[in-house]
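Enquirer: Got a predicted structure here, sequence first:
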Amino acid sequence: MRRNHIVFLASVALSVAVSPVWGADRAVDPTFLRRHLPSVAPAPSDLTTPSCRYKPLFGAGDKDSRHLRGIARFGEITLDGGGRSAVVSYADEEQVYVVLKGSGTLVYGQQRAAIRTGDFMYLPPGIPHGVESSDSLSASIIVMGFRIPAGASVTPPPSLLKANMDEVPKQVVGNHPPSTLYQLLMGDTTSKRDRLAATHVLTSLFTMEFSPGGTNFPHHHETEEEIYLLLEGYGDMVAGGGMDGIEGRHPAKAGDAYFFRLNCTVGFYSGGKEGESKARILAVRSRFPFRDR
C-alpha cells in the first residue's frame with residue numbers, strides 16, 4: 001500500500017512539473033494587434049535610404065507579421081527635406097500611399113507627379129514607384145500593401161490614380177450614427193461610391209471624423225481584415241468581444257494603430273466634450289484570402 005502511495009505522489013509531481021512546459025509550447029494567437037506609431041523604431045526595408053526611414057506597424061518588418069493574411073504591410077515612411085526613397089516594384093502586391101504631411105514628387109513608372117498633404121494614390125503590381133520630398137519640407141507617408149492572390153491577373157490602369165482628401169465629401173454611411181462622418185477615399189474596381197475605384201484586394205480606404213462622444217457603433221467583419229490609425233483626438237478603441245460585444249475597450253490617443261483579425265469586434269468611442277476637437281481615424285479594409293476546400 002505504501003509503495004502504491006509513493007508511486008502516485010511521484011506521478012502527480014511529474015505532471016505538475018511537466019504541465020507548465022507543455023503550456024509554454026503553444027502561444028495563443030492574438031485577436032488584434034496594437035501599436036503606437038511614435039514609439040515604433042525605424043527598421044530596414046527596401047524603401048529606406050540615408051534620407052528615408054520606414055516604421056513597420058503591421059506586416060513586413062514587424063515581429064507579428066504572420067498574423068496578417070491579405071495585408072502585406074502597413075507602416076510609415078518619413079523623408080528628410082529633399083530626401084528620397086528607393087524605387088520599388090512588387091509583382092504580387094498592390095499598394096496605396098497616403099500623404100500625412102509634406103509635399104514632393106511621386107515616381108510612377110516613367111511618370112513624375114506632384115504630391116501634397118492629403119493625397120492618396122493607387123500603385124498597382126509591377127509598376128516601379130518611389131517618393132521624393134520637397135527641398136524645404138520633410139514628409140510623412142503611410143504605406144499600405146495587399147497581397148494579390150496567386151494566379152490573379154491585374155491590369156494596371158492607363159494612368160496614375162491619385163486624389164486628395166479635400167476633394168472627398170464627408171457623409172453619414174449606412175447604419176452608422178450621424179456623430180461619425182466618413183470620407184470614402186478608395187474602393188475596388190467595381191465601386192460606385194468611392195473617390196477612386198482602383199483596387200483588387202483592398203475593399204475600402206476611408207477616414208472617420210467623430211464628434212466628441214461620438215461612435216461608429218462596434219461591429220465586426222466576417223471576410224475582411226481591418227486597420228485603424230488614430231490621426232487626431234482620443235477616446236476608447238473597441239478591439240475584442242465579450243458577452244456584450246464591447247468589453248474590449250482600450251484607451252486610445254493619436255498615433256495608436258490597431259490591426260483587427262476576422263470577426264474581431266471593432267469600433268471607436270470618441271472622448272472629449274462638446275466644443276473640443278474631433279477625433280479622426282484613417283481606416284482600411286481588405287479581403288481575407290480564403291482557400292477553397
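Expert: Alright, I've got the coordinates.

Enquirer: So the residue lying closest to Ser211 once chain neighbours are set aside versus Ala139, what's the distance?
Expert: Using Cβ to Cβ, 6 or more residues apart in numbering and skipping the chain neighbours, the partner closest in space to Ser211 is Ser179 (4.6 Å). Heads up, the C-betas are built off the backbone N, CA and C, glycines and all. Computed as Cβ to Cβ, to the nearest Å, the Ser179 to Ala139 distance reads 32 Å.

Enquirer: who has more neighbours, those two?
Expert: Ala139 (25 against 18; other Cβ atoms under 10 Å).

Enquirer: And the strands in the stretch 101-250 of the chain?
Expert: Taking DSSP state E, counting those that start in this stretch as the test, the strands found in the stretch 101-250 of the chain are 103-108, 111-116, 119-123, 129-133, 139-147, 161-164, 180-188, 196-199, 202-210, 224-232, 234-240, 249-253.

Enquirer: Run me through the strand neighbours of the last one, direction for each.
Expert: Using DSSP bridges, strand 249-253 pairs in its sheet with strand 234-240 (antiparallel).

Enquirer: Next, the angle from the strand it pairs with to strand 202-210.
Expert: If you take axes from the mean of the first three to the mean of the last three Cα atoms, to 10 degrees, strand 234-240 sits at 140 degrees to strand 202-210.

Enquirer: Around Ala114, count how many other residues there are.
Expert: When neighbours are defined as other Cβ under 10 Å, Ala114 has 11 of them.

Enquirer: Is it correct that it is in contact with Thr105?
Expert: Yes: contact criterion Cβ atoms under 8 Å: Ala114 and Thr105 qualify, at 6.2 Å.

Enquirer: Quick one, which of the strands of the stretch 101-250 of the chain gets closest to Gly174.
Expert: strand 180-188 (9.0 Å; Cβ to Cβ).

Enquirer: contact partners of the closest one?
Expert: The contact list for strand 180-188, computed with Cβ atoms under 8 Å, 6 or more residues apart in numbering, reads 96, 120, 122, 163, 165, 168-173, 176, 193-200, 202-211, 214-216.

Enquirer: give the contact list for Pro149.
Expert: Val201, Pro289.

Enquirer: hmm, I was thinking of Leu231
Expert: Contacts for Leu231 (Cβ under 8 Å, 6+ apart) come out as Leu100, Thr207, Ala254, Arg280, Ile281, Leu282.

Enquirer: Contact partners for the last one?
Expert: By that I understand Leu282. Per Cβ under 8 Å, 6+ apart, neighbours of Leu282: Val98, Ile142, Thr207, Tyr228, Leu229, Leu231.

Enquirer: any idea how far the fourth one lies from Met208?
Expert: The reference is to Tyr228. Counting by Cβ to Cβ, the gap from Tyr228 to Met208 is 8 Å.

Enquirer: swap in Ser45?
Expert: 28 Å.

Enquirer: More neighbours: the two, which one.
Expert: Neighbour tally, Ser45 and Met208, criterion other Cβ under 10 Å: the higher count belongs to Met208, 25 against 20.

Enquirer: That one and Ser270 touch, don't they?
Expert: No: in this structure Met208 lies outside contact range of Ser270 using Cβ under 8 Å: 9.5 Å.

Enquirer: center of this protein - which residue?
Expert: Ile227 (3.5 Å; Cα atoms, centre = their mean).

Enquirer: Bridging across strands, which residues link to it?
Expert: For Ile227, the beta-bridge partners under DSSP bridges are Phe259, Val284.

Enquirer: residue contacts, the residue nearest to Ser211?
Expert: Phe210, Ser211, Gly213, Gly214, Thr215, Ser270.

Enquirer: neighbour-wise, which of those leads?
Expert: Ser270 (27 neighbours).

Enquirer: Spatially nearest residue to that one, not counting backbone neighbours?
Expert: Phe210 (3.7 Å).

Enquirer: can you pull the contacts of that neighbour?
Expert: Contacts of Phe210 by Cβ under 8 Å, 6+ apart are Ser179, Thr180, Asn216, Gly233, Gly235, Phe268, Ser270, Lys278, Ala279, Arg280, Ile281.

Enquirer: Quick one: those residues as CSV, columns for pLDDT and distance to Pro38 too.
Expert: Formatted as CSV, these follow (pLDDT from 0 to 100; distance: Cβ to Cβ, whole Å):
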residue, pLDDT, distance to Pro38
Ser179, 93, 27
Thr180, 96, 25
Asn216, 94, 24
Gly233, 96, 15
Gly235, 96, 18
Phe268, 96, 19
Ser270, 96, 20
Lys278, 93, 21
Ala279, 97, 17
Arg280, 98, 17
Ile281, 98, 16
